[in-house]
Structure formats: structure tokens, C-alpha cells
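# Structure for this input, please:
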Amino acid sequence: MDIELWVDPICPWCWVTARWLIDEVAPARALHITWRPFSLLVKNATTTDSPYFTSLERSYGLLRVMEAVRAHDGERSLQRLYLAYGTRIHHRRDTFFDVGDALAEAGLDRAYADALTQPQWDEPLLRQHHAGLALVGNDVGTPILAVPGADGTPCGIYGPIITRVPGAADALRLWDGVVACVSTEGFWELKRTRTVRPDPGPEPVAI
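Reported below is the predicted structural model:
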């Protein structure tokens, strides 16, 4: 199954959902994930006086780098790059890591790091960001997940938001339930109040 996942590298909830898909679901359900950019800086119209501005601005730059990689190296490397980002941000607590090092770990040219400050990548970034919102509406954050509906048209949902990656059997049961919900005409929302912080689990074994 071909799916799409909209991510902001800075978001810890997004990281847990992505790891659930990569580690547990994709191998068992033969998923192909297309990685799309979603910017919390843009979505929340974060201003320079916000305590979150610096980290969100940095993450926006990381998304620019992803778009430069997509344009010149194709989709296949984006998952490795996202994992390299997330390992540093969510496990090592380093938001301002050397982007060249992350690129090299993902098997990519360090020169892509120049895109961090290049506004030429804003157009494709923002086009895809808004395409994700068009699927689910404006009252959301990240991740956004899109799966094929009955007629093959992408159906989107905000989430699922999970605290930690479930074990294999639970992970697949959750996946099957999410697909059933998202692809059912008229399905709208499931939600409950969050009471705990996300647990990133162990670092990825290999990128």
C-alpha cells in the first residue's frame, strides 16, 4: 500500500507515529511511505516572541533540506534523513545538530545542508504542507496520514497520536483499525485527552 505521512521533524508525537509505521507496520503490511513536509511554524503562525520560534524555525530549515533532497535525489532517501533528524532531536536532545552529519549518516551529500537557509525550497514545501491540510482541515497538527480510499483517492486523518510504539501484534491491530476508520465514508474523529508525554523508545538501530 502506498501511503503519505506529513511530518515536522521537531514534533515528538509525530516521531512516535513515524517509528510505529517504519518499525512495525511497513514490513508486515508492505507499506511504501511518501514523506511530506508539515511546518508547525507556518501552521501556528509562530511569531519571533514565542519561546518556540527558534526551534520551529530550525525545523522549517530541516524541511527545506528534505525538499532539496527530494528534488535531486528522489523520494528513497527521505526516510533515512528523517530518522537521522529524529534520532538527534528526540533521543539526543540536540535540535541544532550539524545537518551535514545527519545527511552523511543518511548516505547523502553534505552539500544539501546549504538548503537550510535557501528560500527557493519554500514553494514546494508550502505546497505540500497545504495539500496535507486540504485533506483533513485546518484544526490539526502533525502527523497527517493519508491512505487510499475505496476508489483509490487519498483519505487523510490527523494522527494517530500514540504515546509509544506498540508491540508487533498491537501495532498491526492499530494499523488495521486506523485504515478501516480513515477509509470509511463519513468517519470523522476519535479523540481523548492526552495525560502523558510521548516516549521516543530506543534509538533506531540502523538508518
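# now the helix ranked longest in the chain: mean pLDDT?
Criterion DSSP state H: the longest helix present in the chain is helix 53-73. Helix 53-73 carries an average pLDDT of 98.
# what's near enough to touch L31?
1-3, 21, 25 (Cβ atoms under 8 Å, 6 or more residues apart in numbering). Glycine gets a C-beta too; all of them are placed from N, C-alpha and C.
# Against L172, how distant is it?
11 Å (Cβ to Cβ, to the nearest Å).
# Mutual contacts of these two, please.
Contacts common to L31 and L172, judged by Cβ under 8 Å, 6+ apart, are V25.
# residue ranges with poor pLDDT in this protein?
Applying pLDDT under 70 to the chain picks out no residues at all.
# ok so, going back, so which of the contacts of L31 is the closest to K191?
L21 (20.1 Å; Cβ to Cβ).
# Spit out the contact partners of that closest one.
3, 5, 31, 33, 175.
# again, only using 7 Å
5, 31, 33 (Cβ atoms under 7 Å, 6 or more residues apart in numbering).
# Mind putting the residues you listed into TSV with secondary structure and distance to R110?
Putting the contacts of L21 into TSV (DSSP: H, G, I helix; E, B strand; the rest coil; distance: Cβ to Cβ, whole Å) gives the following:
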residue	secondary structure	distance to R110
L5	strand	26
L31	coil	30
I33	strand	25
